[in-house]
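*Asks:* Whatever this is, show me its structure:
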Amino acid sequence: MKQRLILGIASCFLTLLGYAQDQAAIAQALFDRGEFSQALFLYEDLIKEDQASAYLHEQYLQCLVKTNDVNEAIKYLRKRAKKGFPTESMVAECWLWSLQADGEEKENQLAQHLIEKSKEEYPRLMHLGSLFEQRNLDDWALECYQWAESNFGSNPYLNQRMAMLMLQGGRRSEALNRYVQLLANQNLTFSQLKPVFESHMSDSVDMVMLQNSLLEFIQEQPDNPQLGEALNWTFIKTQDWSRAFLFARSVDMRLKEHGARVFQLGLLCESNKAFEEALKCFDYAYNQAESPDSRKLALAHRNALQHQWYRQSGADSAQWEALNINMMKLEHEYGPDEITFVSSICWADLLIAQKNQADRAIGLMERYYEISPESSPVAIRAQAKIKAAEAWLVAGEIWTSELLLAQVEKELKDEPTGQWAKFKRAELSFFRGDYEWADMQLDVLKDASTQLIANDAMELALLIKENLGIDSNYEAMAQFSRAMLWERQRQFDSAYKAFDDLPKAFPGHSLSDDVLFHKAMIHHECGRDSLAVETLETLVLAFGHEVLADKALLQLAQWYEFQQGNKEKAAECYRKLILEHSASLHIIEARHAYRRLTGQ
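*Replies:* You can find the predicted model right below:
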């Protein structure tokens with residue numbers, strides 16, 4: 001009998017529990033749909049059954065607020081305060097008064113009363129501050145923490161809470177000074193604070209304030225690595241590469257790092273197109289290097305940097321010849337190996353650009369892809385084959401070029417290098433006039449793992465789809481692809497003539513903007529820079545809403561910036577691209593460049 005009674009009670013309890021759970025789920029669904037009046041009735045019943053539930057309490061309170069029944073909410077909170085939840089309820093009441101237009105006086109009275117009752121005990125102050133923060137009453141939370149600091153002294157946790165509230169409340173200088181103090185006292189590492197700085201520092205004014213605070217502390221603690229790391233980060237974020245170099249060099253010398261820190265900065269400068277500072281970094285790293293491999297690494301990257309810089313900004317024949325000699329010297333002394341490849345692939349590029357030097361480029365790259373796999377990573381051998389394929393194309397051996405590309409594609413099918421080889425094969429098909437096959441390969445590459453390959457594939461596929469169809473289009477496309485092949489083979493006179501003749505043979509053809517773009521690039525390759533700029537300006541003016549307009553603007557901006565040194569015109573082109581071609585594949589690059597030039 002007793003057992004049956006127990007089972008009956010248990011069954012009733014489970015039934016009621018199931019009912020309560022169902023009722024809570026319905027209340028939550030109504031709340032989520034914004035039906036607060038209906039949810040309120042259910043939460044009122046639920047909270048009578050479980051007054052200790054913080055979740056039900058908050059949902060019920062929110063329903064009262066959403067239905068504008070503030071008086072009932074205050075009554076509820078005061079009853080709850082008497083039932084064992086005084087502090088939480090009074091803080092919630094402060095929050096309610098803060099929502100009312102005429103509630104400021106009552107909010108102040110209640111908050112001051114709470115602080116007055118808690119200020120003699122550190123745990124109570126910290127708990128009260130936390131409750132204020134939960135209700136987004138940050139000013140009162142900060143006052144709690146200030147009382148705690150005044151009465152009981154500072155500590156790392158308290159400092160962090162106060163700094164964050166100050167940062168969010170606009171007291172940015174005080175906040176940043178506190179964060180720097182945490183670094184100075186080595187309570188936190190810079191890597192721990194970096195996410196805070198990156199998410200809450202909104203402009204250059206913040207960076208200047210942080211730099212000033214860091215410099216003040218560094219004068220007292222010059223060997224503190226956390227302060228140094230933070231200061232160097234501010235230089236990099238503001239792209240003050242000159243000061244970044246000077247600071248990294250001083251730290252490198254003081255810590256006897258033999259150029260390692262400065263070399264890493266050089267790579268960062270190079271990726272941000274700060275070529276002069278990158279060159280200083282690599283020169284310093286070379287001179288300070290302790291081992292032959294470190295010197296070789298710095299020299300290889302210096303050569304590659306100069307090659308990129310000269311291609312971007314232009315150089316005279318003496319500069320190109322000096323670079324050619326430096327690359328040859330490095331290769332003959334140390335190559336072929338993984339380090340020298342950084343320089344040698346650029347040297348091959350330089351040789352391809354010179355008349356009758358494609359054979360030397362082929363021989364150079366063969367040194368890298370014919371050595372044993374144990375001596376050279378597969379990625380390097382693959383890149384060497386792709387560059388050799390480019391040289392074979394210039395030499396007129398298209399099938400040899402395709403053979404090398406096919407080998408790379410097969411070996412690294414799902415890797416970016418293999419996908420790039422596939423794209424280059426699609427290009428060869430395009431040059432030969434096999435447009436359908438090229439288009440099929442390009443469709444596969446639109447989802448390539450790297451954005452650069454996907455963008456290039458999309459661009460060529462769009463060119464084929466837009467300009468292939470009727471017989472006249474086919475003839476125009478055949479002439480255009482032949483001209484592109486001659487351009488790639490550096491037969492610029494033949495290519496230019498073919499491009500120039502195309503609009504005459506096919507007036508008003510949709511390839512007209514593409515023709516102008518390629519004519520501009522040929523002018524540039526032949527050193528006719530003023531004509532190159534003039535041709536692209538014509539393209540932007542005449543075909544401002546066509547597919548190639550964004551690419552033309554980007555190229556024009558880069559010529560203005562790096563070759564003519566006209567940063568104002570460059571910024572204007574970047575801005576035009578950003579505003580008028582928001583869906584462009586080049587939008588991210590344009591934004592970065594615009595910020596670099598304008599600081600915006």
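*Asks:* Contact partners for the nearest residue to R591 once chain neighbours are set aside?
*Replies:* Nearest residue to R591, sequence neighbours excluded (Cβ to Cβ, 6 or more residues apart in numbering): I578, at 6.1 Å. Bear in mind the C-beta positions are built from the backbone N, C-alpha and C, glycine included. The neighbours of I578, taking Cβ atoms under 8 Å, 6 or more residues apart in numbering as the test, are 587, 590-591, 594.
*Asks:* A148 now?
*Replies:* Here A148 is in contact with 122, 125-126, 129, 158 (Cβ under 8 Å, 6+ apart).
*Asks:* And it, how far from R135?
*Replies:* According to Cβ to Cβ, to the nearest Å, A148 and R135 sit 18 Å apart.
*Asks:* follow-up on the earlier one: can you pick the most crowded of the contacts of I578?
*Replies:* The residue in those with the most neighbours, by other Cβ atoms under 10 Å, is A590 (22 neighbours).
*Asks:* wait, it sits on A557?
*Replies:* Yes. Between A590 and A557 there is a contact under Cβ atoms under 8 Å: 7.4 Å.
*Asks:* Could you export the contacts of A148 as TSV, including neighbour count?
*Replies:* Below are the contacts of A148 laid out as TSV (neighbours: other Cβ atoms under 10 Å):
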residue	neighbour count
Y122	16
L125	24
M126	19
G129	27
L158	20
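*Asks:* Let me know the closest of these to A318.
*Replies:* L158 (63.8 Å; Cβ to Cβ).
*Asks:* For the closest one, give its distance to A175.
*Replies:* Distance from L158 to A175, by Cβ to Cβ: 14 Å.
*Asks:* Do a quick rundown of the strands in the stretch 501-600 of the chain.
*Replies:* For the stretch 501-600 of the chain, applying DSSP state E, counting those that start in this stretch gives no strands.
*Asks:* quick one: low-confidence parts of it?
*Replies:* 600 (pLDDT under 70).
*Asks:* Okay, the closest residue to R488 other than its chain neighbours and A358: tell me how far apart.
*Replies:* The shortest distance from R488 to any non-neighbouring residue, by Cβ to Cβ, 6+ apart, is to L393 (6.2 Å). Separation of L393 from A358 (Cβ to Cβ) stands at 9 Å.
*Asks:* Over to Q312?
*Replies:* 23 Å.
*Asks:* The two: which is more packed in?
*Replies:* Taking other Cβ under 10 Å, Q312 and A358 do not tie; A358 has more neighbours (24 against 15).
*Asks:* Next, find the distance separating the more buried one from N287.
*Replies:* 35 Å.
*Asks:* circling back: right, and the residue nearest to R488 touches R490 too?
*Replies:* No. Using Cβ under 8 Å, L393 makes no contact with R490, being 9.8 Å away.
*Asks:* Looking at these two, which has the bigger crowd around it?
*Replies:* A count of neighbours by other Cβ under 10 Å puts L393 above the other of L393 and R490, at 25 against 17.
*Asks:* Spatially nearest residue to L539, not counting backbone neighbours?
*Replies:* Closest to L539 by Cβ to Cβ, 6+ apart is L516, at 4.3 Å.
*Asks:* who are the neighbours in contact with that neighbour?
*Replies:* 535-536, 538-539, 542-543, 552.
*Asks:* ok, of the residues you listed, which one's closest to R425?
*Replies:* Nearest to R425 among the contacts of L516 is A552, at 27.0 Å by Cβ to Cβ.
*Asks:* could you give me the average pLDDT of the helix or strand hosting S401?
*Replies:* Here S401, judged by DSSP states H and E, is contained in helix 398-411. Within the predicted structure, the mean pLDDT of helix 398-411 is 95.
*Asks:* Can I get that helix as PDB, trimmed to CA atoms?
*Replies:* Taking C-alpha atoms only, helix 398-411 is exported to PDB below (Å, rounded to 0.1, in the frame of the first residue of the first chain):
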ATOM      1  CA  ILE A 398      53.200  25.800 -76.600                       C
ATOM      2  CA  TRP A 399      52.900  22.000 -76.400                       C
ATOM      3  CA  THR A 400      55.900  21.700 -74.100                       C
ATOM      4  CA  SER A 401      54.400  24.400 -72.000                       C
ATOM      5  CA  GLU A 402      51.100  22.500 -71.700                       C
ATOM      6  CA  LEU A 403      53.000  19.300 -70.900                       C
ATOM      7  CA  LEU A 404      54.600  20.900 -67.800                       C
ATOM      8  CA  LEU A 405      51.400  22.400 -66.700                       C
ATOM      9  CA  ALA A 406      49.500  19.100 -67.000                       C
ATOM     10  CA  GLN A 407      52.200  17.400 -64.800                       C
ATOM     11  CA  VAL A 408      51.600  20.000 -62.100                       C
ATOM     12  CA  GLU A 409      47.900  19.800 -62.400                       C
ATOM     13  CA  LYS A 410      47.900  16.000 -62.000                       C
ATOM     14  CA  GLU A 411      50.400  16.000 -59.100                       C
END
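*Asks:* I appreciate the help and will end here.
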